[in-house]
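Student: sequence and predicted structure are below.
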Amino acid sequence: MEKLMADLKAQIIQQLNLQEVKPEDIGDDQPLFKEGLGLDSIDALELIVLLQQHHNIRVANPEDGPNIFYSVRTMAEYITEQKKNA
Amino acid sequence: MNNGNAYITSSCIIRRQTVVKNGATVFTAENAALPEFLRSLYDRYSGQYQKFHKMDLLSKLGWAATEILLQDMPMDGYRPEETGVILANKSSSLDTDERYYETVSDIASPALFVYTLPNIVIGEISIRHGFKGENAFFVSDTFDAGLISGYVTQLLNTGAINACICGWVEQYHEQYEAALFLVEKEARGMALPFDEKNMRQQKEV
């Protein structure tokens, strides 16, 4: 899980072009949207693309998005669960 | 056309790795490719605006030119609705359109898609400075100073706006040029009469 979260932080920075953010700036449980990293709705779409490109996972139900993309940890948990069920 | 009561109070011309503010060269970065040049403008004149890095090159160019244009020209005397943004260029958003098209064969990029319109640069400028006034983006082969000055003068004369950022923001691959003017009813800054001739002269400096 720790390795996956570290990879996710690097992937988020690259995918969202967060040039002034370092992986260590993103807390495992820090909210990615609003008061946290301040991501917006376009970033949310980019995170869906990230899951497809890097982890071959499609988000089937868009309503799950807020829970999946709440933080790096929730993303990692979702990826782990999806791969277990695959 | 000069209506006699509007002024170019600030100008910013960017081309060939050089920035000219109010007629004087203020920054040069020789041999810098456009992305690096724009990043150097961001570092020098702004910073602390994460969204800059997500913009396409056209928006970065217009955004950075506006940062320089408005340096030492506070706009807090205007209500958000009083400042308009009227821009034009030749290549529309073609550079980004092409980049986006390249992604379509794999997974289309949402981040690129949102920049496949030229007027997005107006949105980025307006978000940064809180402008909510009239705006328009024209596409034409060459800089039509008569069209821009006539359109902006009409907006000022009808009271739709009291200040305007207007001019040319062109970018296609490594070819780029920004020529922005701050136009106001009250004279301050360089205070050149706002007309077609002065716009052209400032642009060709």
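Tutor: Everything's here; your move. Source: prediction; values computed, not measured.
Student: tell me the helices and strands packed up against the least confident helix or strand in chain B by mean pLDDT.
Tutor: Least confident helix or strand, chain B: helix B:110-113 with a mean of 93, by mean pLDDT, DSSP states H and E. When contacts are defined as 3 or more CB pairs under 8 Å, 6 or more residues apart in numbering or on different chains; DSSP states H and E, helix B:110-113 packs onto helix A:41-55, helix B:94-104. Backbone N, C-alpha and C define where each C-beta goes, glycine included.
Student: buried residues in that helix?
Tutor: B:Pro110, B:Ala111, B:Leu112, B:Phe113 (16 or more other CB atoms under 10 Å in any protein chain shown).
Student: can you say which of the helices and strands packed on helix B:110-113 is nearest to A:Glu24?
Tutor: Proximity to A:Glu24 (CB to CB) singles out helix A:41-55 among the helices and strands packed on helix B:110-113, at 19.4 Å.
Student: how about the residues of chain B near chain A?
Tutor: Proximity of chain B to chain A is confined to B:Gln50, B:His53, B:Lys54, B:Ile107, B:Ser109, B:Pro110, B:Ala111, B:Val114 under the rule CB under 8 Å from any CB of the partner chain.
Student: the fourth one should be in a helix, yeah?
Tutor: No: with DSSP: H, G, I helix; E, B strand; the rest coil as the criterion, B:Ile107 is located in coil rather than a helix.
Student: nearest spatial neighbour of whatever residue of chain A ends up closest to chain B, chain-adjacent residues omitted?
Tutor: Chain B sits closest to A:Leu45 of chain A, with a gap of 3.7 Å, by CB to the nearest CB. Among residues not flanking A:Leu45 along the chain, B:Pro110 sits closest, at 3.7 Å (CB to CB, 6 or more residues apart in numbering or on different chains).
Student: test my guess that that neighbour contacts A:Leu47.
Tutor: No: using CB atoms under 8 Å, B:Pro110 is not in contact with A:Leu47, being 9.8 Å away.
Student: near chain B, which residues of chain A show up?
Tutor: A:16-21, A:38, A:42-43, A:45-46, A:49, A:52-53.
Student: any chance of those in TSV, plus pLDDT and neighbour count?
Tutor: Shown next, in TSV, are these (pLDDT from 0 to 100; neighbours: other CB atoms under 10 Å in any protein chain shown):
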residue	pLDDT	neighbour count
A:Leu16	91	22
A:Asn17	85	16
A:Leu18	87	21
A:Gln19	81	13
A:Glu20	83	12
A:Val21	89	16
A:Gly38	81	13
A:Ile42	91	16
A:Asp43	93	23
A:Leu45	93	17
A:Glu46	94	21
A:Val49	94	17
A:Gln52	94	14
A:Gln53	93	14
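Student: which of those sits closest to B:Glu124?
Tutor: For B:Glu124, the nearest member of the residues of chain A next to chain B is A:Ile42. The distance, counting by CB to CB, is 12.8 Å.
Student: could I get the contacting residues of that closest one?
Tutor: B:Pro110, B:Ala111, B:Val114 (CB atoms under 8 Å, 6 or more residues apart in numbering or on different chains).
Student: surely B:Ser109 touches A:Leu50?
Tutor: No: taking contacts as CB under 8 Å, B:Ser109 lies outside contact range of A:Leu50: 11.2 Å.
Student: so B:Phe27 is in which element?
Tutor: Following DSSP states H and E, one finds B:Phe27 within strand B:24-28.
Student: chain center to stretch B:164-174: distance?
Tutor: Computed by CA atoms, centre = their mean, to the nearest Å, the chain-centroid distance of stretch B:164-174 equals 6 Å.
Student: burial of B:Leu57, as a residue count?
Tutor: Neighbours of B:Leu57 under the rule other CB atoms under 10 Å in any protein chain shown: 20.
Student: distance of it from B:Gly77?
Tutor: Separation of B:Leu57 from B:Gly77 (CB to CB, to the nearest Å) stands at 32 Å.
Student: one more: A:Leu16?
Tutor: 36 Å.
Student: next: B:Trp168.
Tutor: 26 Å.
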